[in-house]
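Engineer: Have a look; sequence and predicted model below, questions after that.
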Amino acid sequence: MRKIILSVILITILVLTFISNFILTDSPIPAEAVKFDTGDTAWMIVATAFVLLMTPGLGFFYGGMVGKKNVISTMLQSFMAMVIVTILWVVIAFGLAFGPSIGGIIGDPTSNLFFQGVGTNTAWSLAPTIPFMLFALFQAKFAIITPALITGAFAERVRFWAYLLFMVLFILLIYAPLAHMTWHPDGVFFKMGVLDFAGGTVVHMSAGWAALAGAIFLGKRKVQKVNPARITYVLLGTGLLWFGWFGFNAGSALGANGLAVQALGTTTVAAAAAAMAWVFLDKIIGHKLSALGACIGAVVGLVAITPAAGFVSIPHAIFIGAFSAIVSNLVVSKFPKGKIDDALDVFACHGVGGMVGMLLTGVFASKAINPAVGDNQGLIFGSPTLFINQLTALIIVSIFAFVGSYVLFFVVNKITPLRVTEEKEELGLDISQHGEFL
């Protein structure tokens, strides 16, 4: 049956793309080509490449943490997100996220099927200085890394084909609506005044809550305590993530401008402060200063500053990084691992880090940093409105992402079993799923 389904998918894509000029109508090219800013365009091409690099970086980050017999499978889960989500985004998901709004919840994909109307001579309304296609490709990289983040929670026990099916459904039914609600001018969160500069709700909270749902649904691994296969992979992955995150956050300014520089600065100091706070806290509570701890701390800081990057000052970014690392470290230490096997602490790092960042955006956002904040500044400046909006969005997104993802895991499991057999888990996913090994 699987062979038939895969054959149908491949044939359908080949046929539709071959006859696309007959079934799709491109938007007419303006008589005079739109004059884009070459500096903004150059920077956004680079930023787009930076963000894509984060996903293989995540593969190294996760792959180094699991046991040796599951390294290839874990890394391949990230790599295949680049493959599957790229095609899915072009075919339909971009339209669902950024197409004409349907009730402020989801976009109408019919106007952007196969990137119809997404060209190099038009622009997105909120990014008028770069080609529309560049904006769409930049956003594709955010969609790619989000399901890859989830994989750390159910590492070492998920069937690969079931993961691919879940990834497709997650992008269509969880990620796309959240992106639309948050970043589309007609989205409900956007109209509420919710601030999410680069993906605190859309990427990290959605991935964190989905990870928790997956860990609960799949149950515990047979052996939860494993020696990390390659700490050096984790260090390499952290470096690639940190590097790529500059495109993630600074690129979300959608131009080569002062706001991009501000986001670059807040991202830099938040990551450093979080890594420092994590290893300091480890020492305070009696642990050794470890490479793993420093890497996890840096990533938590990157996660937490993501929603706030273009709205807060450098000193406040240091606070966000350090505070988020302390909170996530404590959550990791107190997480009920005997009952819920979130293998690589995705919820405690990405979910909690994203929530801390969203709330602290509501505390520290300043119109002096970004005029788009307006009069509803952060709580520290005397206005409670933004903080209340951030908290409201946090609650809604948490419920939607967790419940929706749990339902998706249930549905996927009915279609094809999510979890490998005990024998295959014992053998290791590298051999049992892919016939390869280190």
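Structural biologist: Yep, it's here.

Engineer: Can you show me the strands along this structure?
Structural biologist: Taking DSSP state E to define them, one finds strands in the chain at 101-102, 106-107.

Engineer: Compare those and give me the one nearest residue 18.
Structural biologist: Closest approach to residue 18 among those is made by strand 106-107 (26.3 Å; C-beta to C-beta). Every C-beta, even on glycine, is put in place using the N, C-alpha and C of the backbone.

Engineer: Is it possible to get CSV of the strands of the chain that adds distance to residue 217, mean pLDDT and mean neighbour count?
Structural biologist: CSV is the format used below for the strands of the chain (distance: least, C-beta to C-beta, whole Å; pLDDT from 0 to 100; neighbours: other C-beta atoms under 10 Å):
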stretch, distance to residue 217, mean pLDDT, mean neighbour count
strand 101-102, 30, 97, 16
strand 106-107, 25, 98, 23
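
Engineer: okay if I get those strands as TSV plus distance to residue 173?
Structural biologist: As requested, the strands of the chain are exported to TSV (distance: least, C-beta to C-beta, whole Å):
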stretch	distance to residue 173
strand 101-102	14
strand 106-107	9
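
Engineer: Nearest approach to residue 94 belongs to which of those?
Structural biologist: strand 106-107 (8.3 Å).

Engineer: elements contacting the closest one?
Structural biologist: Strand 106-107 is packed against helix 94-98, helix 176-183, with contacts defined by 3 or more C-beta pairs under 8 Å, 6 or more residues apart in numbering; DSSP states H and E.

Engineer: Any buried residues in stretch 185-194, and which?
Structural biologist: 187-190, 192, 194 (16 or more other C-beta atoms under 10 Å).

Engineer: What of stretch 268-286?
Structural biologist: 268-282.

Engineer: Next: stretch 90-108.
Structural biologist: Residues of stretch 90-108 classed as buried: 90-99, 101, 104, 106-107 (neighbour count, 16+ other C-beta under 10 Å).

Engineer: is it possible to export those to TSV including distance to residue 404?
Structural biologist: Formatted as TSV, those follow (distance: C-beta to C-beta, whole Å):
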residue	distance to residue 404
90	24
91	21
92	18
93	16
94	20
95	20
96	14
97	15
98	20
99	20
101	20
104	17
106	13
107	17
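
Engineer: ok, back up a step: could the helices and strands packed on strand 106-107 go into JSON lines alongside mean pLDDT and distance to residue 397?
Structural biologist: What follows is these, written out as JSON lines (pLDDT from 0 to 100; distance: least, C-beta to C-beta, whole Å):
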{"stretch": "helix 94-98", "mean pLDDT": "98", "distance to residue 397": "15"}
{"stretch": "helix 176-183", "mean pLDDT": "98", "distance to residue 397": "7"}
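
Engineer: can you redo the ones you listed as JSON lines with distance to residue 50?
Structural biologist: Shown next, in JSON lines, are the helices and strands packed on strand 106-107 (distance: least, C-beta to C-beta, whole Å):
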{"stretch": "helix 94-98", "distance to residue 50": "20"}
{"stretch": "helix 176-183", "distance to residue 50": "19"}
